[in-house]
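Visitor: 3D model of this:
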Amino acid sequence: MMSRILPLSDGASARVLEAGAGPPLLLIHGVGLRAEAWGPQMAALSARHRVIAVDMPGHGGSSLLPGDPRLPDYVAWAAQVIAALDLGPVAVAGHSMGALIAAGLAVEWPDLVRRVALLNGVFRRSEAARAAVIARAAEIAAGAGGIEATLARWFDAGQAALRDQVAAWLRDVSPVGYAAAYRAFAEGDAVYADRFGTLRCPLLVLTGDGDANSTPEMTRAMADMAPDGRAVVIPGHRHMVNLTAPEAVTTHLQRWLASEETPA
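Guide: Purely as a prediction, here's the structure:
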């Protein structure tokens with residue numbers, strides 16, 4: 001894999017990891033992580049695709065977004081990344097916050113997105129779940145909260161090595177970038193929810209059956225709204241399913257990448 005800094009049109013920059021050659025695939029990680037979180041998928045999918053994983057704003061080597069950004073600002077940033085790559089329309093897959101960004105891209109910039117995959121995405125949280133995640137965002141903004149509860153939700157006891165790797169990424173992230181992205185994530189579950197029916201590209205929506213926040217019900221609801229949507233629920237896994245079940249996730253991504261595009 002090659003790492004480089006990609007200049008963006010507004011003077012900011014984004015760090016990307018790239019591997020392989022072929023039709024382009026852009027990967028967007030979740031809050032607190034970095035491009036390396038897609039390592040298993042990059043290794044497998046780069047055999048047939050040019051795979052580009054990008055650090056979100058304020059994560060890894062990517063610039064912070066200015067001001068007080070919300071989800072549409074992250075979506076506009078991702079459109080800038082695609083334009084800067086100069087590869088034409090791309091397949092886009094996002095995990096967690098990255099899934100919210102990927103969905104917004106497919107809605108707002110359909111000409112940039114050939115197909116979209118949403119892993120462990122959130123969709124129309126319950127009032128109780130929304131209140132809890134907004135409270136968590138306020139804790140993070142105040143420099144409180146820690147990461148242990150997050151790791152306990154994401155991993156089983158037998159996944160210590162993966163847990164430690166993700167913990168290192170969470171500890172390394174910019175506190176400002178983390179707080180800004182988490183706030184946008186907390187408030188973003190309904191921003192594009194009413195527009196999934198406008199999607200005309202192949203849509204894969206995937207989660208683990210043990211993900212209490214990105215639930216199987218959310219996954220099925222998103223897929224059901226889209227004309228060309230498919231829902232996948234992987235048993236026995238939680239929020240970091242692309243790391244804890246990499247072979248299964250990669251297989252479903254390969255099928256999605258090989259599926260026929262919806263006629264215009």
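
Visitor: CA only for contacts and neighbour counts going forward, please
Guide: OK.

Visitor: And the contacts of stretch 4-15?
Guide: Here stretch 4-15 makes contact (C-alpha atoms under 8 Å, 6 or more residues apart in numbering) with 3, 16-17, 54-57, 60-63, 80-81, 84-85.

Visitor: Quick one: end-to-end distance for it.
Guide: By C-alpha to C-alpha, to the nearest Å, the extent of stretch 4-15 from end to end equals 6 Å.

Visitor: Next up, identify which helix or strand the residue nearest in space to the middle of the chain is on.
Guide: Nearest to the geometric centre of the chain sits residue 98, at 2.1 Å (C-alpha atoms, centre = their mean). Using DSSP states H and E, residue 98 sits within helix 97-108.

Visitor: how about residue 45, what does it touch?
Guide: 20, 51, 250, 254.

Visitor: ok, and the closest non-adjacent residue to the last one?
Guide: What it means is residue 254. In space, and not counting its chain neighbours, residue 254 is closest to residue 45: 7.3 Å by C-alpha to C-alpha, 6 or more residues apart in numbering.

Visitor: before we move on, back to that, of the contacts of stretch 4-15, which is the nearest to residue 147?
Guide: Checking the contacts of stretch 4-15 against residue 147 with C-alpha to C-alpha, the nearest one is residue 60 at 17.5 Å.

Visitor: Per-residue confidence at that closest one, what does it come out as?
Guide: On the pLDDT scale, residue 60 is placed at 97.

Visitor: phi, psi of the spatially closest residue to residue 14 that is not a sequence neighbour?
Guide: Closest residue to residue 14 apart from its sequence neighbours, by C-alpha to C-alpha, 6+ apart: residue 62 at 4.2 Å. Dihedral pair for residue 62: phi -90, psi 150, per degrees, to the nearest 10.

Visitor: Does residue 62 touch residue 55 like I think?
Guide: Yes. The pair residue 62 and residue 55 qualifies as a contact (C-alpha atoms under 8 Å) at a distance of 5.7 Å.

Visitor: between the two, who's got more neighbours?
Guide: Per other C-alpha atoms under 10 Å, whichever of residue 62 and residue 55 has more neighbours is residue 55, with 24 against 21.

Visitor: give the contact list for the more buried one.
Guide: Residues near residue 55 by C-alpha under 8 Å, 6+ apart: 14, 15, 16, 28, 29, 34, 35, 61, 62.

Visitor: now the last one: how far from residue 238?
Guide: So the one you mean is residue 62. Noted for residue 62: a distance of 27 Å to residue 238, by C-alpha to C-alpha.

Visitor: Look up the pLDDT of the nearest residue in space to residue 203 that is not next to it in sequence for me, please.
Guide: Among residues not flanking residue 203 along the chain, residue 229 sits closest, at 4.5 Å (C-alpha to C-alpha, 6+ apart). Here the pLDDT value assigned to residue 229 is 98.
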